[in-house]
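Chemist: sequence-free structure coming up:
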């Protein structure tokens, strides 16, 4: 009987500007502090200032960071894209994190997060996740500050979290159906769990 190879897991994040350097380092530090056994893959673009890249290189060995330089991923020039805010212009590059096909499961975390307890058990949930599925929270569309860039239907009554209450909301999320309001089908891209694969990555690039 052959020896079963251990699964490979990782966390990942993206940085495209130096203003998020502190966030990436805090994310890496808190993952390490809480005892994570898995590396943090940090994708960064060539627009990131060299001082920021050097800081990441210096911290990488002690914080279990693996640096992954990538090109910006942008829609074709002839495709008109309407962004809800200009600051989301480089968000397309986040799709690059799906190309780390050497890992069995990966958890993406935005660079403005800090970890206050171990998260490694999330990869147990990955075992139940179909290979071509993605696990994420609903997007909160309450828009309590009434930001003008938000779509008109981003209101409390259309938010998938509004019908829920704590603590049941932690394990009984609002269920989606084909008839659910459109805002219930939006996911929060700040954290998601997925199985990378070459087939999935190729399909995404084809659609993109």
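Modeler: Structure received. As the structure is a computational prediction, the values presented were derived from the model and not from experiment.

Chemist: Centre of the chain to the helix or strand where residue 201 lies, how far?
Modeler: Counting by DSSP states H and E, the element that carries residue 201 is helix 198-207. Put simply, helix 198-207 sits 17 Å off its chain's centre (CA atoms, centre = their mean, to the nearest Å).

Chemist: Quick check: buried residues in the helix or strand of the chain with the lowest mean pLDDT?
Modeler: Across the helices and strands of the chain, mean confidence by mean pLDDT, DSSP states H and E is lowest for helix 198-207: a mean of 86. Across helix 198-207, burial judged by 16 or more other CB atoms under 10 Å covers 200-201. C-betas here are computed from N, CA, C, even on glycine.

Chemist: next one: stretch 46-62
Modeler: Applying a neighbour-count criterion of 16+ other CB under 10 Å, one finds 48, 52-53, 55-56, 59-60 buried in stretch 46-62.

Chemist: Just the ones in helices from those residues, please.
Modeler: Per DSSP state H, helices hold the following members of those: 52-53, 55-56, 59-60.

Chemist: Redo the residues you listed as JSON lines? Include pLDDT.
Modeler: JSON lines is the format used below for those (pLDDT from 0 to 100):
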{"residue": "52", "pLDDT": "98"}
{"residue": "53", "pLDDT": "98"}
{"residue": "55", "pLDDT": "98"}
{"residue": "56", "pLDDT": "98"}
{"residue": "59", "pLDDT": "98"}
{"residue": "60", "pLDDT": "98"}
